[in-house]
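> Sequence and predicted structure, then a few things I'm wondering about:
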Amino acid sequence: MSTKRDADAGADAAEAEEEDLDLANATVDGLTRDGDAEGLFLLAKAARSGSHGRTKDMATAFAAYRAAGDLGHADADYAAALFYLTGTGTEKDPKEAAARLRRSADKGNVDAKVTLGNFYELGVHYTKDAEKADVWYRNAARAAGIQDPPGSKGHVRALAQLGSVRHAELFAEDPEATTDEIDTARKKARVRGGSREGRLETGAMKAISSPEISPTDGARPVTDRVSKPGEAPRASNPGASGAVAKAGSVPDPKEVDPEKARRARLAELEKKAKRPSKLTGKAGLGAFLYSLLFTATALGAAFAADAGAKELVSHGKAVPLFGARLDLVFPVLLGVVALLPQLLVYKAVTVARSVLAGAFAFGVGWVLYGTGKLALGDARLSQAIAFAGAAFLSTLLVQGLFGGSKATEKA
C-alpha cells in the first residue's frame, strides 16, 4: 500500500514540476546539442499544446519529438511516428512512421506495441497477419503488466482499454461492459491506428492535437469499471459508434447482415488465438516408450509360449487352442499381448489405424518373400511378422506425435 502511495506521490511531484517548467527560450538545436532527450520531449509537448511559455507550433513539436526519439526516447519516437503518419509538421512518410513505431515498441512503449498489433490486424502499412498482430498484442500485455491469462475477460478488457482494435470489438460483446467503456475503448483503438486507411488520419490527428488524448501517455494501470447507478443500458448493437466492422476487411455491399459477419470474424480470431499446436511431441514420445515396453513384453511372452508348446508336444500332449499348429503359437501370442495394452496409452482409432498399417505391411512382407527378390530370413512368416511390427510401431509413433495418444486428451 505504501509503495502505491509513494508511486502516486512521485507522479504528482513530477506533474507539478512539469507544470512549473519554463520552456519559452528552449530550442530544439540547443537541447539536441546537450543530449537532453527528456527536455526535447517536454518541449515537444509544450509546443503541441501551446503551454509552458510556448505558442502552439506543430512543426517545432515534430522536430523536438524526432530529435528526442533519435536520442533514444521511446515515447518521443512513438509521437514522431504519428506526425509522420498524418503529415503534421512534416511530409507524410509511412515507412519512417513504421520504422519509428517499431523502434519505440522495441524500447518498451506500450502504445507503439498496440499500434503495431493493430496495423498487422488491419493490414495497415503491413501485410495483414493475425498471428503477428497477436504477437504484438501479447507483447503489449506483458509490458503493461496484465496478469490475466490470454482469452480471459480481464485480458480482453485490459487490452481493449490499451487500444487494441481486436480486443475492443471482443470487449463490445461482453454483457458486463458499459456503453461508455465500449466507446472509450473504440476511441482509443482509433487513436492507436485501429481504423481503416481512410480513417487513420482522423484518429492520429486527435492524438496529436487533443490535450485530453496524448500520443505518449504510455501504459496506465488498467482497472475494471462498474456501471454507475442509473446508467442507461448499452445498445444491443454498438457498431454505430465508430467500431471497425470486420477487422481490416473491405465491406461487401451484398452482405445482408454485416453485424453477423463481424461477429463471425471476431469469433474466428479468438478461436485462432486459443488454438493449440497440433504437434504433441512430449505426449507422443511418452506413449511410444510404453508401446515399446509392451512390445518387448509380448516378444518375451511369445517366445516362452512357443517353447512351452514344443515341450508339451514332445511329451505327447496337445497344445490348448492350437492343437498341432505350433507355427501359430508365436505370432498369435505376440499379436494379442502386444496389441491390447496399446489401448491403455493410445486412442482406439490410433490403434485401429496402426493395425491396418501392420496388416498391409504383413502382406507386403509375405509377397516379397515369395518372389525371392527380398527374403530377409529363413522363414516367410517371420519376415511378414517383422514387416507388420515395424509398420505398426511406426504408425503409432507418427500418430502419437500429432495427438493420437490418450495423454493428449488429458492435457
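Looks like it arrived, so ask away.
> any idea how this structure splits into domains?
Annotated domains of the chain cover 23-226, 281-410 [automatic domain parsing].
> which of those is buried the deepest?
Each of the domains of the chain was scored by mean neighbour count; the highest is domain 23-226, a mean of 20, by mean count of other CB atoms under 10 Å. In short, each C-beta sits where N, CA and C put it, glycine included.
> how about the strands of the stretch 251-400 of the chain, start to end?
Using DSSP state E, counting those that start in this stretch, no strands are assigned anywhere in the stretch 251-400 of the chain.
> surely Gly389 meets Gly358?
Yes. The pair Gly389 and Gly358 qualifies as a contact (CB atoms under 8 Å) at a distance of 7.0 Å.
> hmm, back to that, lowest average pLDDT across the domains of the chain?
In terms of average pLDDT, domain 281-410 trails the rest of the domains of the chain, at a mean of 76.
> Wait, Thr350 touches Leu401, no?
No. With contacts counted by CB under 8 Å, Thr350 stays clear of Leu401, the gap being 11.0 Å.
> Can you give me every residue that contacts Arg102?
By CB atoms under 8 Å, 6 or more residues apart in numbering, the contact set of Arg102 is 112, 116.
> Format the CA atom coordinates belonging to whichever strand or helix holds it as PDB.
Assigned by DSSP states H and E, Arg102 belongs to helix 94-106. This file holds the C-alpha atoms of helix 94-106, laid out as PDB (Å, rounded to 0.1, in the frame of the first residue of the first chain):
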ATOM      1  CA  PRO A  94       4.500   5.900 -43.700                       C
ATOM      2  CA  LYS A  95       7.800   4.000 -44.000                       C
ATOM      3  CA  GLU A  96       9.600   6.300 -41.500                       C
ATOM      4  CA  ALA A  97       6.500   6.100 -39.300                       C
ATOM      5  CA  ALA A  98       6.500   2.300 -39.300                       C
ATOM      6  CA  ALA A  99      10.300   2.300 -38.500                       C
ATOM      7  CA  ARG A 100       9.900   4.600 -35.600                       C
ATOM      8  CA  LEU A 101       6.900   2.700 -34.300                       C
ATOM      9  CA  ARG A 102       9.000  -0.500 -34.300                       C
ATOM     10  CA  ARG A 103      11.900   1.200 -32.600                       C
ATOM     11  CA  SER A 104       9.600   2.700 -30.000                       C
ATOM     12  CA  ALA A 105       8.000  -0.700 -29.400                       C
ATOM     13  CA  ASP A 106      11.300  -2.400 -29.100                       C
END
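> gap between Met58 and Ser49?
Between Met58 and Ser49 the computed distance is 11 Å (CB to CB, to the nearest Å).
> Same check on Val114?
Taking CB to CB, one finds Val114 at 23 Å from Ser49.
> Just say helix, strand or coil for Thr115.
Three-state assignment for Thr115 (DSSP: H, G, I helix; E, B strand; the rest coil): helix.
> ok, and the closest non-adjacent residue to Lys153?
Among residues not flanking Lys153 along the chain, Asp174 sits closest, at 6.4 Å (CB to CB, 6 or more residues apart in numbering).
> Quick check, the one you found in contact with Gly154.
No. Counting by CB under 8 Å, Asp174 does not reach Gly154; the two are 10.5 Å apart.
> thinking again about what came up before, list the contacts of the residue nearest to Lys153.
Shown in contact with Asp174 (CB under 8 Å, 6+ apart): 153, 156-157.
> now Leu393
Going by CB under 8 Å, 6+ apart, Leu393 touches 288, 291-292, 295, 354.
> which among the residues you listed gets closest to Phe330?
Nearest to Phe330 among the contacts of Leu393: Thr295, at 13.9 Å, using CB to CB.
> Starting from Tyr290, give me the distance back to the nearest residue to the closest one once chain neighbours are set aside.
Once flanking residues are discounted, Thr295 sits nearest to Ala338: 5.0 Å by CB to CB, 6+ apart. Applying CB to CB, the value for Ala338 to Tyr290 is 12 Å.
> ok, now which ones touch Met58?
Contacts for Met58 (CB under 8 Å, 6+ apart) come out as 47-48, 83, 88-89, 208.
> Mind checking which of those residues are in strands?
Applying DSSP state E to the contacts of Met58, no entry is found in strands.
> With distance to Thr178 as added columns, please give those residues in JSON lines.
Putting those into JSON lines (distance: CB to CB, whole Å) gives the following:
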{"residue": "Ala47", "distance to Thr178": "36"}
{"residue": "Arg48", "distance to Thr178": "31"}
{"residue": "Phe83", "distance to Thr178": "33"}
{"residue": "Thr88", "distance to Thr178": "33"}
{"residue": "Gly89", "distance to Thr178": "37"}
{"residue": "Ile208", "distance to Thr178": "28"}
